[in-house]
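In: any chance you can model this:
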Amino acid sequence: MAGKPAEHAGIEFWMRFRDGRHADPDALPLLLDAAPPAVLAVGEFASATLELTAHLRARPAPGWLACRATTRHLINGYHEEDFEIWDTKGILVAQGRQLAMLP
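Out: Residues are numbered from 1 along each chain as shown. Model prediction:
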(Lines give C-alpha, C1' and ligand atoms only; values in the text may rest on other atoms or scores of the structure.)
Protein backbone atom coordinates (compact mmCIF):
# COMPACT_ATOMS: atom_id res chain seq x y z
CA MET A 1 0.00 0.00 0.00
CA ALA A 2 2.98 2.30 0.53
CA GLY A 3 4.22 1.71 -3.00
CA LYS A 4 6.95 -0.75 -2.04
CA PRO A 5 6.95 -4.31 -0.68
CA ALA A 6 6.89 -4.79 3.08
CA GLU A 7 9.70 -6.56 4.89
CA HIS A 8 7.30 -9.12 6.38
CA ALA A 9 4.29 -10.75 4.69
CA GLY A 10 1.31 -10.11 6.92
CA ILE A 11 -1.97 -8.23 6.92
CA GLU A 12 -4.58 -7.37 9.55
CA PHE A 13 -8.11 -6.30 8.72
CA TRP A 14 -11.79 -6.50 9.68
CA MET A 15 -14.21 -8.72 7.77
CA ARG A 16 -17.96 -9.40 7.61
CA PHE A 17 -20.52 -10.45 5.05
CA ARG A 18 -21.55 -7.70 2.65
CA ASP A 19 -25.25 -8.25 3.37
CA GLY A 20 -24.66 -7.67 7.10
CA ARG A 21 -25.53 -11.18 8.28
CA HIS A 22 -23.43 -12.53 11.10
CA ALA A 23 -20.91 -15.31 10.59
CA ASP A 24 -21.77 -18.72 12.02
CA PRO A 25 -19.54 -21.78 12.47
CA ASP A 26 -20.50 -23.08 9.01
CA ALA A 27 -19.16 -19.86 7.42
CA LEU A 28 -15.78 -19.87 9.19
CA PRO A 29 -13.98 -22.29 6.82
CA LEU A 30 -15.07 -20.14 3.87
CA LEU A 31 -13.87 -16.97 5.58
CA LEU A 32 -10.48 -18.55 6.33
CA ASP A 33 -9.86 -18.72 2.59
CA ALA A 34 -11.87 -15.73 1.31
CA ALA A 35 -9.54 -12.90 2.26
CA PRO A 36 -6.65 -11.37 0.34
CA PRO A 37 -3.43 -13.39 0.66
CA ALA A 38 -0.75 -12.32 3.14
CA VAL A 39 1.77 -12.16 0.28
CA LEU A 40 -0.08 -9.02 -0.85
CA ALA A 41 2.14 -7.19 1.66
CA VAL A 42 5.27 -8.15 -0.29
CA GLY A 43 3.90 -7.20 -3.70
CA GLU A 44 2.24 -10.44 -4.85
CA PHE A 45 -1.41 -9.93 -5.76
CA ALA A 46 -2.74 -13.46 -6.18
CA SER A 47 -2.35 -16.84 -4.57
CA ALA A 48 -4.01 -20.23 -5.13
CA THR A 49 -4.78 -22.51 -2.18
CA LEU A 50 -3.42 -26.04 -2.57
CA GLU A 51 -4.29 -27.34 0.90
CA LEU A 52 -6.23 -25.80 3.80
CA THR A 53 -6.55 -26.99 7.39
CA ALA A 54 -9.25 -25.26 9.46
CA HIS A 55 -9.58 -25.26 13.24
CA LEU A 56 -12.97 -24.01 14.41
CA ARG A 57 -12.70 -22.99 18.06
CA ALA A 58 -15.91 -21.20 19.02
CA ARG A 59 -19.19 -19.78 17.73
CA PRO A 60 -18.47 -16.16 16.76
CA ALA A 61 -20.29 -13.34 18.53
CA PRO A 62 -22.36 -11.11 16.22
CA GLY A 63 -20.50 -8.31 14.47
CA TRP A 64 -17.28 -7.69 12.61
CA LEU A 65 -14.46 -10.22 12.67
CA ALA A 66 -10.83 -9.19 13.27
CA CYS A 67 -8.46 -11.12 11.01
CA ARG A 68 -4.72 -11.64 10.78
CA ALA A 69 -2.91 -13.46 7.97
CA THR A 70 0.84 -14.08 7.94
CA THR A 71 3.34 -15.86 5.71
CA ARG A 72 6.85 -16.65 6.89
CA HIS A 73 8.28 -18.46 3.88
CA LEU A 74 7.86 -17.73 0.17
CA ILE A 75 10.11 -20.15 -1.69
CA ASN A 76 9.98 -21.17 -5.36
CA GLY A 77 6.47 -19.77 -5.73
CA TYR A 78 5.02 -21.67 -2.74
CA HIS A 79 4.11 -20.21 0.63
CA GLU A 80 2.32 -21.15 3.81
CA GLU A 81 -0.26 -18.86 5.33
CA ASP A 82 -1.51 -18.77 8.89
CA PHE A 83 -4.88 -17.13 9.40
CA GLU A 84 -6.69 -16.13 12.61
CA ILE A 85 -10.25 -14.91 13.04
CA TRP A 86 -11.27 -13.15 16.28
CA ASP A 87 -14.81 -12.07 17.16
CA THR A 88 -16.00 -8.81 18.77
CA LYS A 89 -15.56 -10.28 22.26
CA GLY A 90 -11.88 -10.95 21.60
CA ILE A 91 -12.33 -14.71 21.27
CA LEU A 92 -10.23 -16.65 18.76
CA VAL A 93 -12.99 -18.40 16.79
CA ALA A 94 -11.03 -19.95 13.91
CA GLN A 95 -7.52 -20.66 12.73
CA GLY A 96 -6.39 -21.77 9.32
CA ARG A 97 -3.14 -22.93 7.82
CA GLN A 98 -2.73 -23.36 4.12
CA LEU A 99 -0.16 -24.22 1.53
CA ALA A 100 -0.53 -21.97 -1.48
CA MET A 101 1.25 -21.07 -4.67
CA LEU A 102 1.65 -17.96 -6.75
CA PRO A 103 0.07 -18.09 -10.22
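
In: where along the protein do the strands fall?
Out: For the chain, applying DSSP state E gives strands covering 9-15, 48-56, 65-71, 74-75, 78-86, 92-101.

In: and those: which comes nearest Ala23?
Out: strand 65-71 (6.1 Å; Cβ to Cβ). Using the backbone N, CA and C atoms, a C-beta is placed for each residue, glycine as well.

In: tell me what that closest one is packed against?
Out: Counting contacts by 3 or more Cβ pairs under 8 Å, 6 or more residues apart in numbering; DSSP states H and E, strand 65-71 is packed against strand 9-15, strand 78-86.

In: sheet-wise, list the partners of that strand with their directions.
Out: Note on strand 65-71: by DSSP bridges, its sheet partners are strand 9-15 (antiparallel), strand 78-86 (antiparallel).

In: now that strand: buried residues?
Out: 65-67, 69-71 (16 or more other Cβ atoms under 10 Å).

In: run through this structure and note the low-pLDDT ranges.
Out: Counting by pLDDT under 70, the chain shows low-confidence ranges at 1-7.

In: which ones are touching Arg16?
Out: 22-23, 63-65 (Cβ atoms under 8 Å, 6 or more residues apart in numbering).

In: from Ile85, how far out is it?
Out: The gap separating Arg16 from Ile85 is 11 Å, by Cβ to Cβ, to the nearest Å.

In: make CSV from the contacts of Arg16 and add distance to Glu80 to it.
Out: Below are the contacts of Arg16 laid out as CSV (distance: Cβ to Cβ, whole Å):
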residue, distance to Glu80
His22, 29
Ala23, 24
Gly63, 29
Trp64, 26
Leu65, 22
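
In: closest to Ala46 out of those residues?
Out: Nearest to Ala46 among the contacts of Arg16: Leu65, at 22.8 Å, using Cβ to Cβ.
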